[in-house]
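using only what follows, build the 3D model:
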Amino acid sequence: MRVESGNGTEVEDNVMHEMPSVEAADVTVAPPRPAANARKVFVKTYGCQMNVYDSERMADALSAEGYLPTDNPDDADLLLLNTCHIREKAAEKVYSELGRIRLLKEARAAEGRTLMVGVAGCVAQAEGREIIRRAPVVDLVIGPQTYHRLPQAIARARDGEKVVETEYAVEDKFDHLPAPDRRTVASRGVTAFLTVQEGCDKFCTFCVVPYTRGSEVSRPVAHIVDEARRLVAGGVREITLLGQNVNAWHGVGADGREWGLGALLRHLAELDGLKRLRYTTSHPRDMDDALIAAHRDLEKLMPYLHLPVQSGSDSVLKAMNRRHTAADYLRLIERIRQARPDIALSGDFIVGFPGETEDDFEATLRLVEEVRYAQAYSFKYSPRPGTPGADRPDHIAEDVKSQRLERLQALLRRQQQQFAEHCVGRTIDVLLEKPGRRAGQLVGRSPWLQPVIIDAKSSQIGDIVRVRISGTGTNSLFGEQF
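This is a model prediction of the structure:
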């Protein structure tokens, strides 16, 4: 499975990637030994961590139909693009990719071989049948709420039908997707994503998520716990709970009471073999007392929080329909730091939203100075068709947006470097995840999500080791086993 960079919001110009598994890289799912006549599927994933999760679940669903994953599109019988609609001109980039795939499909046909092509994800949801019209190479289009119908859609497409499955299902797709297979989990590493909430009811005026992912839906506790147990049994040591507004999750707990995310985290922290918990992405309005207390009380909950604010200007926040003020956000940060003084904060920032004045932008810089972020995403506003922000008449000139972004990123880079330098000389716990670039190196993650590079044996992957931090790189730390 191939992954291209992104997070839950647009990442046009980022200071540091939020999650290690979504950096611009190829992520290969090592398949079991294939049967001679086994079909193969290649999945290219764009964007957020939830798309990574969805791609893995689609691969699991197709495994039950006899498909084996491959990291080489030339070997694939089925090629799926799991798309993201957050980036600017996302649809056009998909059509460009489909143009290249058309050549591959034609070459296959000339050899008497068949290649089936599917488009999934948020561009599929937004474009629907238009994809089939513009790119006849596509055999099926399937939205993010209908992945559980993928095997049936493929069967219909194989019979010659051009399939478009983008109608929101009444049923919960999580009721139908197969649970992760222990064998494939073991091949995916010692960290894993687990979706617990999907969709958004906030309707920020810059965002397409409510239109592509639908309204907020929380996954039942029993489903979450069952999947978490399977992941741990497969060797996963760290689980990151995912949702467009993950801290809006709620459900009936094992005690019969209504739980929020804080209670769910406490329950998951009791799983034997699970060493670390994280969650992303949060909305300030859903950060309640129980969740803050979980940060105070749970050793397994890592001291890292991605809490987007987008702007430090109240007028811009109002125009964005964020429904909180800068002061609200700062008071929330103070409460969180009182509960967990060593917590590292990450955020999202949009510069140049329509109507943003120089004073508004200066307010954002002041908020950043006050919060002191360890990591952050920052990007220029770009209109998304169908969102209220796109229809505003007071758009900001591109050169102004670029200049503001440069100033903001310079400040965020300084803060990120200061946080990294503060780690030098400290001894911390590092979860070792994968080989490094050089022989004899491993890369792990600090409690604050920074990559940490040390000399270690490959047999230590999955271990949590004590490391003394000896230096910093651009986006990583260097250390020695203690």
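
tell me if Arg438 really is in a helix.
No. Assignment of Arg438 by DSSP: H, G, I helix; E, B strand; the rest coil gives coil, placing it outside any helix.

return the distance of it relative to Gly251.
Separation of Arg438 from Gly251 (C-beta to C-beta, to the nearest Å): 45 Å. Using the backbone N, CA and C atoms, a C-beta is placed for each residue, glycine as well.

and the two? Which one has more around it.
Taking other C-beta atoms under 10 Å, Arg438 and Gly251 do not tie; Gly251 has more neighbours (19 against 8).

where's the more buried one, which helix or strand?
strand 250-252 (DSSP states H and E).

contacts for that strand, please.
Ser218, Arg219, Pro220, Val221, Glu258, Trp259, Gly260, Leu261, Leu264 (C-beta atoms under 8 Å, 6 or more residues apart in numbering).

same check on stretch 284-297?
With contact meaning C-beta under 8 Å, 6+ apart, stretch 284-297 is reached by 202, 245, 247-248, 260-263, 265-266, 301, 303, 305, 307-309, 322-324, 328-329, 332, 335-336, 339-340, 343.

quick one: which of the residues you listed sit in helices?
Judged by DSSP state H, the contacts of stretch 284-297 include Leu261, Gly262, Ala263, Leu265, Arg266, Asp328, Tyr329, Leu332, Arg335, Ile336, Ala339 as members of helices.

can you add neighbour count and give these back as JSON lines?
Formatted as JSON lines, the ones in helices among the contacts of stretch 284-297 follow (neighbours: other C-beta atoms under 10 Å):
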{"residue": "Leu261", "neighbour count": "26"}
{"residue": "Gly262", "neighbour count": "22"}
{"residue": "Ala263", "neighbour count": "21"}
{"residue": "Leu265", "neighbour count": "23"}
{"residue": "Arg266", "neighbour count": "19"}
{"residue": "Asp328", "neighbour count": "16"}
{"residue": "Tyr329", "neighbour count": "25"}
{"residue": "Leu332", "neighbour count": "17"}
{"residue": "Arg335", "neighbour count": "11"}
{"residue": "Ile336", "neighbour count": "19"}
{"residue": "Ala339", "neighbour count": "16"}
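
can you redo those residues as CSV with pLDDT and distance to Val141?
Converted to CSV, those look like this (pLDDT from 0 to 100; distance: C-beta to C-beta, whole Å):
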residue, pLDDT, distance to Val141
Leu261, 98, 33
Gly262, 98, 38
Ala263, 98, 38
Leu265, 98, 36
Arg266, 98, 41
Asp328, 98, 41
Tyr329, 98, 39
Leu332, 98, 40
Arg335, 98, 45
Ile336, 98, 41
Ala339, 98, 45
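
tell me the one among those nearest to Gly235.
Leu265 (21.2 Å; C-beta to C-beta).

now for the closest one: which residues touch it?
Leu241, Leu277, Tyr279, Leu291, Ala294, Leu298, Leu301.

ok, Ile131 next?
Applying C-beta under 8 Å, 6+ apart, the residues near Ile131 are Val94, Tyr95, Leu98, Val119, Val123, Ala124, Val138, Val141, Val164.

how close does Arg102 get to Gly256?
Distance, Arg102 to Gly256, using C-beta to C-beta: 55 Å.

neighbour count: those two, which is higher?
Neighbour totals were compared for Arg102 and Gly256, and Arg102 leads with 15 against 6 (other C-beta under 10 Å).

quick check, that one in a strand?
No. Secondary structure assignment places Arg102 outside any strand; it is helix (three-state DSSP).

these two touch, right, it and Asp139?
No. At 12.0 Å, Arg102 does not count as touching Asp139 under the criterion of C-beta atoms under 8 Å.

re the thing from before, from the contacts of Leu265, which land in helices?
Per DSSP H, the subset of the contacts of Leu265 in helices is Leu291, Ala294.

buried ones among the contacts of Leu265?
Leu241, Leu277, Tyr279, Leu291, Ala294, Leu298, Leu301 (16 or more other C-beta atoms under 10 Å).

between those residues, which is closest to Arg445?
Closest to Arg445, out of all of those and judged by C-beta to C-beta, is Leu277, at 12.9 Å.

show me the contacts for the closest one.
Neighbour list for Leu277: Glu238, Ile239, Thr240, Leu241, Leu265, Leu268, Ala269, Leu298, Lys300, Leu301, Met302 [criterion: C-beta under 8 Å, 6+ apart].

for the second one, helix, strand, or coil?
Of the three states, Ile239 takes strand according to three-state DSSP.

how many residues are close by it?
As a burial measure, Ile239 scores 24 neighbours (other C-beta under 10 Å).

quick one: residues contacting it.
By C-beta under 8 Å, 6+ apart, the contact set of Ile239 is Thr191, Ala192, Phe193, Leu194, Ala228, Leu231, Val232, Leu268, Leu274, Arg276, Leu277, Arg278.

using TSV, lay out these together with pLDDT, distance to Ser315 and secondary structure.
Converted to TSV, those look like this (pLDDT from 0 to 100; distance: C-beta to C-beta, whole Å; DSSP: H, G, I helix; E, B strand; the rest coil):
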residue	pLDDT	distance to Ser315	secondary structure
Thr191	95	40	strand
Ala192	93	41	strand
Phe193	93	36	strand
Leu194	94	38	strand
Ala228	96	42	helix
Leu231	93	44	helix
Val232	95	47	helix
Leu268	98	40	helix
Leu274	97	44	coil
Arg276	98	40	strand
Leu277	98	37	strand
Arg278	98	33	strand
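
which of those residues has the most neighbours?
Leu231 leads the contacts of Ile239 on contacts (other C-beta under 10 Å) with 27 neighbours.

which one of the contacts of Ile239 is nearest to Pro385?
Phe193 (28.6 Å).

where does the residue nearest to that closest one when sequence neighbours are not counted sit: helix, strand or coil?
Of all residues not flanking Phe193 in the chain, Tyr53 sits nearest, at 4.4 Å (C-beta to C-beta, 6 or more residues apart in numbering). Of the three states, Tyr53 takes helix under three-state DSSP.

state the pLDDT value of Tyr53.
On pLDDT, Tyr53 comes in at 85.

same question for the one 4 residues further on.
Each residue has a pLDDT score; the one for Arg57 is 83.

please convert the ones in helices among the contacts of stretch 284-297 to TSV, extending it with distance to Asp314.
Shown next, in TSV, are the ones in helices among the contacts of stretch 284-297 (distance: C-beta to C-beta, whole Å):
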residue	distance to Asp314
Leu261	27
Gly262	28
Ala263	33
Leu265	31
Arg266	35
Asp328	9
Tyr329	10
Leu332	15
Arg335	20
Ile336	21
Ala339	26
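
would you map the helices across this structure?
49-63, 90-110, 122-127, 129-134, 150-158, 182-187, 209-212, 221-233, 261-268, 289-297, 314-319, 326-339, 358-371, 398-423.

and the shortest one, what does it pack onto?
Helices and strands touching helix 209-212, as assessed by 3 or more C-beta pairs under 8 Å, 6 or more residues apart in numbering; DSSP states H and E, comprise helix 122-127.

again with the last one
In terms of contact count using 3+ C-beta pairs under 8 Å, 6+ apart, helix 398-423 is assigned the packing partners strand 344-351, helix 358-371, strand 375-380, strand 464-472.
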